[in-house]
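Chemist: can you look at this prediction? I've put the sequence above it.
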Amino acid sequence: MLKTNRLLAAGAAFVAASVMGFAASAQTKWDMPTPYGDTNFHTVNIAKFAEDVAASTDGALTIQIHSAGSLLKHPEIKNGVRKGVVPIGEVLISRLSNEDPVFALDSVPFLATSYDASMKLYQASKPVLEKKLEEQGLKLLFAVPWPPQGIYTKEAVDSIDDLKGMRFRAYNASTERIAQLAGAVPTQVEVPDLPTAFSTGRVQAMITSPSTGANSKAWDYLGYYYDAQAWLPKNMVIVNKAAFEALPDAVQTAVLEAAAKAETSGWEASKNETAEKTQMLVDNGIEVSAPSKDLQDGFKAIGKTMVSEWQEQAGDDGKAIIEAFSK
């Protein structure tokens, strides 16, 4: 009798656990850290993605966005998702470049110098990118580019030789290498310090997006912006693979469909951001133009060197990606 009671109790516990597990799977909430504020176009796009997921799953999956690093700081997000601290997050892909050269690809300068070229490069690299993430228990949902990177200077420049000896703002290994190859002097300066650094002559040139230029009111301390479209760095939204696979099949499908939609809308939002912020530079007195042929040729030579360096570091993966991109 005692044995029977124990079996009944164990069975009841199993049924209770199963019911609780079903209830949990029937309505799941994911916390999602993002690095940027609520008004940033990346965050706005992700908010719409979360809305689409909730609507298409009838609330079976809801995603709570924690923007501006309020839950996890940017450097912590990727490992947080990998370890299951959070199930989903957004990260700048090139932040992971110290892990593998593949993550540095979209910040290799003068390789993909337009939105169309950037999309082609993304498609060429996506299978390798997905494989690298999968090895870490992660799944790529979608990726969205920042506006293209251009050259800001205090004085007009017509050729790469004009940059020689200039103090050039560097904020990562790529921008430092560009400065070196241009004969400039790489100088570390963070975004909040840009106005003071330029006003005091600590730096005389930089490479960044029209968004950063507009947001930091570059017209207060700079005169020229050359729309070089040097590269289009991307953010990606990644999910813990185990957390994703724990979702019912219909919910998984809904997430992937919402992700595809968010990728399309995000690329369009980036284009709009580029146009809006570039016009803001013009409206506030910065002379905006395409680089001269001599300056373009100089940058192309720098790009060729850096692509070769990246390809050597990336080995067979790099070779396969560049071959696919070049077709």
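Modeler: Yep, that arrived. What you see is a predicted model, and the numbers here were worked out from it, not measured in a lab. Numbering: from 1, shown residues only.
Chemist: how about low-confidence regions in the stretch 101-250 of the chain?
Modeler: Across the stretch 101-250 of the chain, not a single residue meets the criterion (pLDDT under 70).
Chemist: and the strands in it?
Modeler: Listed in chain order, the strands of the stretch 101-250 of the chain (DSSP state E, counting those that start in this stretch) span 138-145, 150-153, 167-170, 185-188, 205-208, 224-226, 234-240.
Chemist: what's the most buried one of those?
Modeler: strand 205-208 (a mean of 26; mean count of other Cβ atoms under 10 Å). C-betas here are computed from N, CA, C, even on glycine.
Chemist: returning to what we had before: any idea which of the strands of the stretch 101-250 of the chain gets closest to residue 294?
Modeler: Evaluated with Cβ to Cβ, the strands of the stretch 101-250 of the chain place strand 224-226 nearest to residue 294, the distance being 11.8 Å.
Chemist: quick one on the thing from earlier: out of the strands of the stretch 101-250 of the chain, which comes closest to residue 289?
Modeler: Nearest to residue 289, of all the strands of the stretch 101-250 of the chain, is strand 224-226, at 6.3 Å by Cβ to Cβ.
Chemist: now do the closest one: everything it contacts.
Modeler: Defining contact as Cβ atoms under 8 Å, 6 or more residues apart in numbering, one finds that strand 224-226 is touched by 150-157, 210, 213, 218, 278, 281, 286-291, 295.
Chemist: just the buried subset of the residues you listed, please.
Modeler: 150-154, 157, 210, 213, 218, 278, 281, 286, 291, 295 (16 or more other Cβ atoms under 10 Å).
Chemist: format those residues as JSON lines; extra columns: distance to residue 103.
Modeler: JSON lines is the format used below for those (distance: Cβ to Cβ, whole Å):
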{"residue": "150", "distance to residue 103": "23"}
{"residue": "151", "distance to residue 103": "24"}
{"residue": "152", "distance to residue 103": "26"}
{"residue": "153", "distance to residue 103": "30"}
{"residue": "154", "distance to residue 103": "33"}
{"residue": "157", "distance to residue 103": "31"}
{"residue": "210", "distance to residue 103": "24"}
{"residue": "213", "distance to residue 103": "25"}
{"residue": "218", "distance to residue 103": "28"}
{"residue": "278", "distance to residue 103": "28"}
{"residue": "281", "distance to residue 103": "30"}
{"residue": "286", "distance to residue 103": "32"}
{"residue": "291", "distance to residue 103": "28"}
{"residue": "295", "distance to residue 103": "29"}
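Chemist: just the buried positions in the helix or strand hosting residue 81, please.
Modeler: Using DSSP states H and E, residue 81 sits in helix 74-82. Neighbour counts over helix 74-82 (16+ other Cβ under 10 Å) mark 74, 76, 77, 78, 80, 81, 82 as buried.
Chemist: next, the angle from it to strand 138-145.
Modeler: In terms of direction (axes from the mean of the first three to the mean of the last three Cα atoms, to 10 degrees), helix 74-82 departs from strand 138-145 by 140 degrees.
Chemist: after helix 74-82, which helix or strand is next?
Modeler: Assignment by DSSP H and E places the next element after helix 74-82 at strand 88-92.
Chemist: list the residues that contact residue 196.
Modeler: residue 202.
Chemist: typo on my end, it should be residue 153
Modeler: 166, 204, 205, 222, 223, 224, 226.
Chemist: what do you get for residue 172?
Modeler: So residue 172 contacts 94, 107 (Cβ under 8 Å, 6+ apart).
Chemist: same question for residue 272.
Modeler: By Cβ under 8 Å, 6+ apart, the residues touching residue 272 are residue 41.
Chemist: so which bits of the strand or helix carrying it are buried?
Modeler: Using DSSP H and E, residue 272 falls within helix 249-283. Buried residues in helix 249-283, counted by 16+ other Cβ under 10 Å: 251, 254-255, 258-259, 261-263, 265-267, 269-270, 273-274, 277-278, 280-281.
Chemist: before we move on, what about stretch 191-209?
Modeler: 194, 197, 198, 203, 204, 205, 206, 207, 208, 209.
Chemist: which pair in those spans the largest distance?
Modeler: In the buried residues of stretch 191-209, two members sit farther apart than any others by Cβ to Cβ. They are 204 and 209, at 18.8 Å.
Chemist: residue contacts, the closest residue in space to residue 229 that isn't next to it in sequence?
Modeler: Once flanking residues are discounted, residue 229 sits nearest to residue 148: 3.7 Å by Cβ to Cβ, 6 or more residues apart in numbering. Shown in contact with residue 148 (Cβ under 8 Å, 6+ apart): 113, 114, 115, 209, 227, 228, 229, 230, 231, 232, 274.
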